[in-house]
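build me a structure from this.
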Amino acid sequence: MKATIYHLFDKKSLKHHYFGSIVAIFTVFAPEDIQTTKRALYKFDFDSGDFRNDHVEIFKGEVVRSKHSESGK
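Reported below is the predicted structural model:
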């Protein structure tokens, strides 16, 4: 199974953050902090490249998950 993941690199703090959705990004960061909006990210074509500005770099990828749970199988 695959799930979408958004990898955000914060250029100010030099930290990497990982999110399961665009909405989740904005539970941690305010639009002013990363100088973009939910709407702009939803409109952005991640299939043609990564989102970059002076504050962040955002990459869209996939996480591969096992079909079986880790506990007991």
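
and Lys2, what are its bridge partners?
Val64 (DSSP bridges).

wait, it sits on Ser66?
No. Here Lys2 lies out of contact with Ser66, judged by C-beta atoms under 8 Å, at a distance of 11.3 Å. Any C-beta I mention is one placed from the backbone N, CA and C, and that applies to glycine too.

which neighbours do the two share?
Contact criterion C-beta atoms under 8 Å, 6 or more residues apart in numbering; no residue bridges Lys2 and Ser66 by contacting each.

and His8, what is it in contact with?
Actually, residue 8 is Leu rather than His. For Leu8, the contacting residues are 16-19, 25, 29, 34, 56-58, taking C-beta under 8 Å, 6+ apart as the criterion.

Phe59 too?
The contact partners of Phe59, by C-beta under 8 Å, 6+ apart, come to 6-7, 9, 46, 50-51.

what residue ranges in this structure score low on pLDDT?
By pLDDT under 70, the low-scoring segments of the chain are 69-73.

which among the contacts of Phe59 end up buried?
Buried subset of the contacts of Phe59 (neighbour count, 16 or more other C-beta atoms under 10 Å): 6, 9, 51.

show me which pair in the contacts of Leu8 is furthest apart.
Taking C-beta to C-beta as the measure, the contacts of Leu8 span a maximum distance of 14.7 Å, between Tyr18 and Ile34.

next, His7: secondary structure please.
At His7 the chain is in strand, as set by DSSP: H, G, I helix; E, B strand; the rest coil.

cool, and His68?
His68 falls in the coil class when you classify it by three-state DSSP.

hmm, back to that, so which of the contacts of Phe59 is the closest to Arg39?
Looking across the contacts of Phe59 and measuring by C-beta to C-beta, the closest to Arg39 is Phe51, at 12.9 Å.

would you list the buried entries among the contacts of Leu8?
Taking 16+ other C-beta under 10 Å as the criterion, what is buried in those is 17, 19, 25, 29, 34, 56, 58.

so which of those residues belong to strands?
When strands are assigned by DSSP state E, the members of the buried ones among the contacts of Leu8 inside them are 17, 19, 56, 58.

ok, the nearest residue to Phe51 once chain neighbours are set aside - contacts?
Of all residues beyond its chain neighbours, the one nearest Phe51 is Ile58 (4.2 Å), with distances taken as C-beta to C-beta, 6 or more residues apart in numbering. With contacts defined as C-beta under 8 Å, 6+ apart, Ile58 is in contact with 6-9, 25, 41, 50-52.
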